[in-house]
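>>> could you look at this predicted model? Sequence included:
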Amino acid sequence: MTETLDQALDSLTLADLEHGTSADGIDFVRVPVDAIPRLVDAVIGAGFGRFIDLTAVDEPRRADRFELQYLLHSMQDQRWLRLKARTAEHAPSIVSQFEAANWYEREVFDLYGVLFDGHPGLTRILMPDDWDGHPLRRDVALGGEPVQFSDNIS
Amino acid sequence: MSIETRPDDAEMTERMSSTLTPSPMNGNGPVDSATAPHTLRINMGPQHPSTHGVLRLELELDGEIVVSCKPIIGYLHTGTEKTMENLTYLQALTVTDRLDYLNPMGNNLAYALAVEALFDCEIPERAIIGRVLLAELTRLNSHLVWLGTTGIDLGASSVLLYTFREREVLLDFFESLSGARMMTSFIRPGGLADDFTDDWLQGVSKFIDDLPARIDEYEALLTHNPLFKDRMVGIGVLDGQRALSMGVTGPVLRASGISHDIRKARPYSGYDQFEFHVPVGSHGDSYDRYLVRIEEMRESVKLCKQAIAKLPVGPVKTSDRKVMPPPREELGQSMEAVIHHFKLWTAGMKPPAGEAYIPVESPRGELGFYVVSDGSNKAVRVRERAPSFANLQALPIMARGGLVADLIAIISSIDPVLGEIDR
């Protein structure tokens, strides 16, 4: 952790955030999902002003099954930072802070079904609009999809 | 569909209008009808020769001027990330070739680095330097295709003949090395699939020596061509701050004046041992994006030369038997080697539980695979951070206020690969 980042985290009243370093050498901080916008403000202040990636990891056996993974980058220090937040369904949108997050939040909604509150237009992005379900959830099995446009197959 | 089940005209009209409703999704916001009273909504793609794949754009035009542009993606979505969760780590490598099909070795490298970060295994020096050589050859391959197709999009169709002449030679090199022209799967977790032969290295060395003169040829066709400059200079401007806030990376970001290259910022695979400079533009227009990529090709040539000169003698596979199988000759003498061989080719490698993302500089920008392992032989999650995805998100900003014809030039100057956008 850099000093500025430590200070930014200390300044929040979020006591005892779980944090550490992953196998790739990137620091991570795990936050309650409602605190994401506040924490994003804080880390932007600490220099992590670039949004790189947002994705999710699904663990169906856990009540708050989706773990969102925000990846941010600091141009000054050339460091990457990962924010993790667990949610069962809803998460606050950060499009007002990072306009680049727009398509990424749509993708997580599309593939996992996480609803981003405050997103300007949360629609499917990769799957067809009339698709039923969210394919990247771990409890959606491979195969077994009905074949589309099969009217004339006897 | 039979005549009876055909929706009636009123229903069709309603469907059309509902799909074409103005939306704030494209970053431009809904168009103010007071300022744009005579706009026409038309659809471009998904099957269009200039969209470099199956990209659909919903355009709102005022005459020839683009008022708003909304990219609609997903036509090439094949569920690769889901597929990779259901394959072993080595099998999943073959999927990475198919994401950005112009940069197969670069994708292999990004994936291999992430898996190796989980194992924390030593990679032999010959493999590390060899990977740089392969990644830069692939960058040349990708930029050659981009240059040829950009020429076609602007009506300069002869450029493609020249660039594909060199690309064919490159693909022949890939084929003789890995057995496949495009889907190479050659850079693997733990090293390389096979060693380079001296003949192959000599062939590449000669090709690399000839290439700067060939790049001069391409430049003679385009760089000072007034017709080309008319279509590129000042078109599709993206300023540096906006590029940063849109998450744009790679040549598009550097053309906007931001010097950021992962090879320098967070050197991977020994790039810190190489001397090269990062070309940066200043205007952020299509022409600067063209110039940056041309310069990058010249830098790649330098990197390839250095890599061939540096390439040490030695193994190309890690000695970590949990990642790479033992050499054939050990199998006759060592029971342990037989067990490792059997376990690797039946169950596959099992990285320790954890997560890893190693960013690399692909021809299009920051590429990385976020791999989450639970200690089993299949990943819990493999996510590709695709540079084209973020770059394409910035298209409406570049396209707004330009001509429809310029939109074609802007798309090719972004150089999107829909294979990695839709995944």
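Looks like it came in fine. Residues are numbered from 1 along each chain as shown, chains lettered A, B, ... in the order given.
>>> in chain A, which spans are helices?
Counting by DSSP state H, chain A has these helices, from start to end: A:3-11, A:36-45, A:101-112.
>>> now B:Gly74: closest residue in space that isn't a chain neighbour?
In space, and not counting its chain neighbours, B:Gly74 is closest to A:Leu126: 4.1 Å by C-beta to C-beta, 6 or more residues apart in numbering or on different chains. C-beta here means a position set from N, CA and C on the backbone, and glycine is covered the same way.
>>> for that neighbour, give me its contacts.
Under the criterion of C-beta atoms under 8 Å, 6 or more residues apart in numbering or on different chains, the contact partners of A:Leu126 comprise A:107, A:110-111, B:73-74, B:77, B:422-423.
>>> gap between it and B:Val95?
Here A:Leu126 is placed at a distance of 16 Å from B:Val95 (C-beta to C-beta, to the nearest Å).
>>> picking that back up, export the helices of chain A to CSV and tack on mean pLDDT, distance to B:Lys305 and mean neighbour count?
Output for the helices of chain A, formatted as CSV (pLDDT from 0 to 100; distance: least, C-beta to C-beta, whole Å; neighbours: other C-beta atoms under 10 Å in any protein chain shown):
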stretch, mean pLDDT, distance to B:Lys305, mean neighbour count
helix A:3-11, 65, 40, 15
helix A:36-45, 86, 41, 18
helix A:101-112, 92, 39, 24
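>>> ok, now how distant is the residue positioned nearest the centre of chain A from chain B?
Centroid check for chain A by C-alpha atoms, centre = their mean gives A:Leu68 as the closest residue, at 3.5 Å. Counting by C-beta to the nearest C-beta, to the nearest Å, the gap from A:Leu68 to chain B is 12 Å.
>>> ok, what's across the strand from that residue?
Partner residues in beta bridges with A:Leu68: A:Ala56, A:Ala85, with DSSP bridges as the criterion.
>>> OK, contacts around it?
When contacts are counted by C-beta under 8 Å, 6+ apart, A:Leu68 is found next to A:33, A:36, A:54-56, A:83-87, A:91, A:108, A:114.
>>> which one of those residues is nearest B:Glu168?
Proximity of the contacts of A:Leu68 to B:Glu168, judged by C-beta to C-beta, is greatest for A:Thr55, which lies at 37.2 Å.
>>> wait, which of the helices of chain A is closest to B:Leu407?
helix A:101-112 (19.0 Å).
>>> phi, psi of B:Ile258?
phi -100, psi 120 (degrees, to the nearest 10).
>>> now do the contacts for the nearest residue to it once chain neighbours are set aside.
Nearest residue to B:Ile258 in three dimensions, chain neighbours excluded: B:Gly240, at 4.8 Å (C-beta to C-beta, 6+ apart). If a contact means C-beta under 8 Å, 6+ apart, then B:Gly240 has B:253, B:256-258, B:284 as its contacts.
>>> and if we set it to 6 Å?
For B:Gly240, the contacting residues are B:256-258, by C-beta atoms under 6 Å, 6 or more residues apart in numbering or on different chains.
>>> residue ranges with poor pLDDT in chain B?
Across chain B, residues meeting the criterion (pLDDT under 70) sit at B:1-37, B:49-51.
>>> got the residues of it near chain A?
Within chain B, the positions lying close to chain A (C-beta under 6 Å from any C-beta of the partner chain) are B:23-25, B:74, B:77, B:82, B:86, B:117-118, B:244-247, B:265-266, B:354-358, B:372, B:381, B:383, B:385, B:393.
>>> now A:His134. Nearest residue, chain neighbours left out?
In space, A:His134 comes closest to A:Gly113 once its chain neighbours are excluded; the distance is 3.9 Å by C-beta to C-beta, 6+ apart.
>>> just to revisit the earlier point, quick check: the farthest pair among the contacts of A:Leu126?
Within the contacts of A:Leu126, two members stand farthest from each other by C-beta to C-beta: A:Leu111 and B:Ile73, at 13.2 Å.
>>> nearest residue to the residue in the stretch 101-250 of chain B that chain A sits nearest to other than its sequence neighbours?
Distances from the stretch 101-250 of chain B to chain A, computed as C-beta to the nearest C-beta, single out B:Gly247 as the nearest residue at 3.4 Å. Take B:Gly247 and drop its neighbours on the chain: the residue closest to it by C-beta to C-beta, 6+ apart is A:Ala100, 3.4 Å away.
>>> any idea how far the one you found lies from B:Ser245?
Using C-beta to C-beta, one obtains 6 Å as the distance from A:Ala100 to B:Ser245.
>>> again, but for B:Asp195
As defined by C-beta to C-beta, B:Asp195 lies at a distance of 45 Å from B:Ser245.
>>> kindly report the same for B:Phe164.
When B:Phe164 is compared with B:Ser245 (using C-beta to C-beta), they lie 37 Å apart.
>>> write out the residues of chain A neighbouring chain B.
Where chain A comes near chain B, counting by C-beta under 6 Å from any C-beta, the residues are A:22-24, A:50-51, A:53, A:55, A:57, A:78, A:99-100, A:103, A:120-121, A:126, A:135-136, A:142.
>>> let's go with 7 Å and repeat that
Within chain A, the positions lying close to chain B (C-beta under 7 Å from any C-beta of the partner chain) are A:22-24, A:26, A:50-53, A:55, A:57, A:69, A:71, A:75, A:78, A:99-100, A:102-103, A:120-121, A:125-127, A:135-136, A:142, A:151.
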